[in-house]
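Asks: Provided below for reference: sequence and predicted model.
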Amino acid sequence: MSQMPPDMARLPALFERQRQAFARFPMPPAEQRIAGLKRLRAALLRHREALVQAVDRDFSARSRDETLMAEVLTTVQGIDHTVRHLRRWMRPSRRSVSLLFAPARNRVAYQPLGVVGIMVPWNYPIQLALLPLVGALGAGNRAMIKLSEFTPATNQVLRALLADAFDEDEVAVIEGAVDVSTLFAQQPWDHLLFTGSTAVGRIVMAAAAKNLTPVTLELGGKSPVIVAPDAPLQAAAESIVFGKMLNAGQTCIAPDYALVPAGQEDAFVQAMQHVVARLYPTLRENPDYSAIVNERQHQRLQAWLDDAVRQGARVQVCNPAGEGFEGTRKMPLHLLLDVHDGMKVMQEEIFGPLLPVLPYRDLDQAVERVRSGARPLALYLFSHDRQVQRKVLEQTHSGGVTINDTLMHVAQDDLPFGGVGLSGMGHYHANEGFLTFSKAKGVHIKGRFNSGKLAYPPYGGWVHRMIQRWFIR
Ligand code: NAD
């Protein structure tokens with residue numbers, strides 16, 4: 001008989017244990033939450049080296065600096081921001097009382113929801129596990145984290161790190177493949193935050209709906225870059241190369257395709273080639289350039305590239321040292337020209353180092369191109385023209401925007417992060433993250449004198465006549 005995965009067997013009991021622990025301590029004070037966040041910060045720094053090595057093992061090659069910058073640093077920053085602002089976020093906010101209900105007081109109290117589920121993808125396995133956790137703990141919750149089955153080495157370190165800082169009734173880790181993920185999504189969480197693909201997001205939301213569990217869905221999509229006619233090509237290319245080659249394009253907010261003014265495609269390609277040669281003079285053995293996470297993803301990208309070429313795309317490979325990549329999962333940046341919507345790369349989120357370059361006639365056409373697709377997770381605009389910036393901001397929807405750079409909006413501690421439409425719903429990071437994991441409870445408090453009783457039946461008295469005369473008009 002086949003054995004049940006160990007975490008599958010533990011999951012329901014762990015969930016129940018956290019529920020009971022929450023019921024015993026439903027409103028942890030700020031000091032306690034801050035102490036937990038500081039323990040998390042210290043454990044993260046203690047395990048920093050082990051994490052760098054584990055992600056490297058999982059990816060076969062993951063840049064040390066990328067792990068430190070894009071995972072450890074972002075998490076430390078998120079913790080520090082939360083610690084700094086938590087007391088203010090937790091303070092009930094005072095609201096006004098209308099004349100009709102005076103004398104009374106109104107306030108909104110922020111209450112922890114209870115037990116939160118967090119589901120994590122493989123591409124940034126540390127940051128995407130720990131930043132949602134920071135939001136959940138800051139808001140006073142307990143949390144269980146389902147890690148990706150594609151990052152086993154990192155998971156082992158994360159498990160040790162979290163066990164160092166928390167008892168399992170406060171933070172617990174679950175591992176396993178689809179069967180475990182399915183069971184995880186079915187638990188009656190007080191809130192469920194899922195980061196992953198749009199396709200699995202639909203499945204997770206359907207499972208959560210059975211319990212009316214509220215969800216935050218952090219999904220993907222085709223994030224466009226618009227290079228406006230006034231943009232300096234070289235500066236734009238630098239940011240686009242960085243944003244696209246970080247983690248070899250396996251970033252949810254990586255530029256997915258670039259829209260450049262018609263006639264400038266070749267100059268853009270040249271600028272990109274030039275920048276790649278400077279930032280990554282070699283690729284194969286370059287410790288700064290990460291690999292594709294596994295063979296399945298590598299083959300998918302290769303197949304999409306083949307599909308584009310078969311359908312007439314022109315390919316410019318950015319391979320400054322002219323290396324071969326056999327026997328590795330390193331993949332150079334490929335710029336694809338003459339693409340059309342029949343190609344896989346123009347239909348699905350690319351999630352790797354392929355960048356279609358599309359010409360546009362005028363800004364209206366570029367905006368229309370973005371609007372005609374699903375609402376993306378991120379949008380990048382290169383322009384110093386305020387009117388162009390305003391037009392693009394007002395006429396397109398996306399989860400977030402960086403102007404004159406790529407990726408950086410996600411690293412701003414005081415900005416919410418989340419998608420819109422098919423790229424997700426809800427937010428975390430910053431105060432919005434605290435609100436996501438809290439119940440904003442409206443509380444109306446009467447004193448000893450209750451003027452409202454004057455309006456009780458029998459109706460038709462002077463108070464009722466006065467209300468109708470002065471307040472319904
Ligand atoms: P994925 O959707 O395959 O997996 C995410 C999680 O869901 C994993 O823990 C996995 O075990 C679980 N899962 C897989 N199949 C499931 C099922 N049938 N039922 C329930 N759970 C299931 O995503 P991935 O391949 O790990 O990550 C890549 C995707 O994630 C990309 O689309 C990317 O854009 C997106 N992403 C989004 C963000 C964001 O912040 N919005 C961040 C990183 C990645």
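Replies: That came through fine.
Asks: Report how many residues lie close to Q270.
Replies: 14 (other CB atoms under 10 Å). Yep, even glycine has a C-beta here, placed from its N, CA and C like the rest.
Asks: again with H444
Replies: Neighbours of H444 under the rule other CB under 10 Å: 11.
Asks: So it: helix, strand or coil?
Replies: strand (DSSP: H, G, I helix; E, B strand; the rest coil).
Asks: which residues does it contact?
Replies: V97, F101, A104, R105, N106 (CB atoms under 8 Å, 6 or more residues apart in numbering).
Asks: and if you look at P103?
Replies: Per CB under 8 Å, 6+ apart, neighbours of P103: V97, K446, G447, F449, S451.
Asks: mind checking how far it is from the ligand?
Replies: Distance, P103 to the ligand, using CB to the nearest ligand atom, to the nearest Å: 47 Å.
Asks: which helix in the protein runs the most residues?
Replies: helix 6-24 (DSSP state H).
Asks: CA-only coordinates of that one in PDB, if you can.
Replies: Below are the C-alpha coordinates for helix 6-24, written out as PDB (Å, rounded to 0.1, in the frame of the first residue of the first chain):
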ATOM      1  CA  PRO A   6       4.000  12.700   6.000                       C
ATOM      2  CA  ASP A   7       2.800  16.400   5.900                       C
ATOM      3  CA  MET A   8      -0.500  15.300   4.400                       C
ATOM      4  CA  ALA A   9      -1.200  13.200   7.500                       C
ATOM      5  CA  ARG A  10      -0.100  16.000   9.800                       C
ATOM      6  CA  LEU A  11      -1.900  18.800   8.100                       C
ATOM      7  CA  PRO A  12      -5.400  18.700   9.600                       C
ATOM      8  CA  ALA A  13      -4.200  18.100  13.100                       C
ATOM      9  CA  LEU A  14      -1.700  21.000  12.800                       C
ATOM     10  CA  PHE A  15      -4.400  23.200  11.500                       C
ATOM     11  CA  GLU A  16      -6.600  22.400  14.500                       C
ATOM     12  CA  ARG A  17      -3.700  23.000  16.900                       C
ATOM     13  CA  GLN A  18      -3.200  26.400  15.400                       C
ATOM     14  CA  ARG A  19      -6.900  27.200  15.700                       C
ATOM     15  CA  GLN A  20      -7.000  26.200  19.300                       C
ATOM     16  CA  ALA A  21      -3.800  28.200  20.100                       C
ATOM     17  CA  PHE A  22      -5.300  31.200  18.400                       C
ATOM     18  CA  ALA A  23      -8.500  30.900  20.400                       C
ATOM     19  CA  ARG A  24      -6.500  31.000  23.600                       C
END
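Asks: elements contacting the following helix or strand past it?
Replies: Per DSSP states H and E, the first helix or strand lying C-terminal to helix 6-24 is helix 30-46. Here helix 30-46 touches helix 74-90, helix 127-138, helix 152-165, going by 3 or more CB pairs under 8 Å, 6 or more residues apart in numbering; DSSP states H and E.
Asks: The first one to helix 30-46, inter-axis angle?
Replies: Pointing back at helix 74-90 there. Angle of helix 74-90 versus helix 30-46, following axes from the mean of the first three to the mean of the last three CA atoms, to 10 degrees, is 180 degrees.
Asks: what angle do helix 74-90 and helix 127-138 make?
Replies: Using the same axes, to 10 degrees: helix 74-90 against helix 127-138 is 20 degrees.
Asks: List just the nearest of the contacts of P103 to L11.
Replies: Of all these, K446 has the smallest distance to L11: 44.6 Å, by CB to CB.
Asks: Next, count neighbours for the spatially closest residue to P332 that is not a sequence neighbour.
Replies: Nearest residue to P332 in three dimensions, chain neighbours excluded: N319, at 4.4 Å (CB to CB, 6 or more residues apart in numbering). Using other CB under 10 Å, N319 has 20 other residues around it.
Asks: State the phi and psi torsions of N319.
Replies: Per-residue torsions, N319: phi -130, psi 80 (degrees, to the nearest 10).
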